[in-house]
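[1] sequence and predicted structure below; questions after.
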Amino acid sequence: MPDTATAPPAAPNSSLRAFLHGLPGVDEVGARARAQDLSTRSIKTTAKAHAIDLAISMVDLTTLEGADTPGKVRSLCAKAALPDPADRTVPRVGAVCVYPDMVAIAVAALRGTGIGVASVATAFPSGRAPMEAKLADTRHAVADGATEIDMVIDRGAFLSGDYGKVFDEIAAVKEACGGAHLKVILETGELVTYDNVRRASHLAIRAGADFIKTSTGKVSPAATLPVTLIMLEAVRDHHAATGRRVGVKPAGGIRTTKDAIRNLVLVNETAGPGWLTPDLFRIGASSLLNDLLMQRTRLSTGSYPGPDYYTQD
Ligand SMILES: O=C[C@H](O)COP(=O)(O)O
């Protein structure tokens, strides 16, 4: 197998640049207004119950702290497998998301549950490491059983116009993933303009991303609705042009059921109902699940459980 770290660029910078700069510019005011309009839509109680379960099934339950311990990862996995021990009708989450050195712990803890393990890789969150280190990071996580890899793009290369470098890194990491799915984190809070968010989305999609993801959760602003809207438009347009469906994962700062449902409305109205599945839409969040569980209980029983009822996310 060729060493992808030294393989020739798959896309010459000039043609990639021409494609990316040929994309229509984003109407910034229009994107904000559209996101605001969709965020105020109300939904019926029956639809809300369905939306909460759908949102739970889309959560990538995340811990990405320097202070993570095997014990913390194991309790997160226990929560992923059985979010509410008193109610076995609660759906399982989309995946558990951890650093590469915690993948083996999570895989062991989730064995038999059918829940996948996602791992950040490629020198998350900065992406500042030699390519060999990024590929080794990816291969380590996959060898330990990660079923999904969340890589960060080189924002420095992107912002200096070296689109070919960004493309080649994504393509090489995709190859290193083998059978694992690749989510490409754009870190939209560092991309400066909505036009750049659109360009980075299309670049990542063309380079082989299975999902495009807004943020690491370490940079503010993270997953804003206008940014998610622009990324949903990119996957919608790519599907219309090629027939290939790419997923979207907003991540960072999504903490309430209201936030989650706003995202689902955005998906439905932008990419369409075909994207309302964990195969094509995930929500990366470290502290959303408990609010979804609380609102779910309130809908079914009419009252909130006590604040200490659920284990911590
Ligand atoms: O990838 C997921 C993010 O790191 C989660 O961010 P959060 O802690 O703001 O929910």
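    Nice, I can see it.
[2] my guess is residue 186 contacts residue 153. True?
    Yes - if you go by CB atoms under 8 Å, residue 186 and residue 153 touch, sitting 6.0 Å apart. Yep, even glycine has a C-beta here, placed from its N, CA and C like the rest.
[3] shared neighbours, those two?
    200, 204 (CB atoms under 8 Å, 6 or more residues apart in numbering).
[4] just the element for residue 97, please.
    strand 95-98 (DSSP states H and E).
[5] can you mark which positions in the longest helix seen in the chain are buried?
    The residue-count maximum for a helix in the chain (DSSP state H) belongs to helix 225-242. Residues 225-239 are the ones in helix 225-242 that count as buried (16 or more other CB atoms under 10 Å).
[6] which residues are in contact with the following helix or strand past that helix?
    Later in the chain than helix 225-242, the nearest helix or strand by DSSP H and E is strand 247-249. Strand 247-249 is contacted by residues 60, 150, 183, 210-214, 228, 231-232, 235, 267, 271, 275, 279-284 when judged by CB under 8 Å, 6+ apart.
[7] ok, now stretch 134-151?
    Contacts for stretch 134-151 (CB under 8 Å, 6+ apart): 4-5, 95, 97, 100, 103-104, 107, 116-124, 127, 129, 169-170, 172-173, 176-178, 180-185, 213, 249, 284.
[8] ok, and which of those residues reach the ligand?
    Contacts with the ligand within those, as defined by CB under 6 Å from any ligand atom: 97, 284.
[9] could you look up the SS state of the nearest residue to residue 120 once chain neighbours are set aside?
    Distance criterion CB to CB, 6 or more residues apart in numbering; nearest residue to residue 120, sequence neighbours excluded, is residue 150 at 4.7 Å. Three-state call for residue 150 (DSSP: H, G, I helix; E, B strand; the rest coil): strand.
[10] mind listing the residues bridging to residue 150?
    As for beta bridges, residue 150 partners with residue 120, residue 183 under DSSP bridges.
[11] that older thread, generate a ChimeraX selection restricted to the buried entries among the contacts of stretch 134-151.
    Remark: buried members of the contacts of stretch 134-151, expressed as a ChimeraX selection using 16+ other CB under 10 Å:
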select :4,5,95,97,100,103,104,107,116,117,118,119,120,121,122,123,124,127,169,170,172,173,176,177,180,181,182,183,184,185,213,249,284
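[12] which ones among the contacts of stretch 134-151 are found in helices?
    Counting by DSSP H, the contacts of stretch 134-151 contribute 103-104, 107, 169-170, 172-173, 176-177 to helices.
[13] just to revisit the earlier point, elements contacting the longest helix of the chain?
    Where contact means 3 or more CB pairs under 8 Å, 6 or more residues apart in numbering; DSSP states H and E, helix 225-242 is packed against helix 28-39, helix 194-207, strand 211-213, strand 247-249, helix 257-270.
[14] in the first one, what's buried?
    Yep, that's helix 28-39 we're talking about. 31, 34-35, 38.
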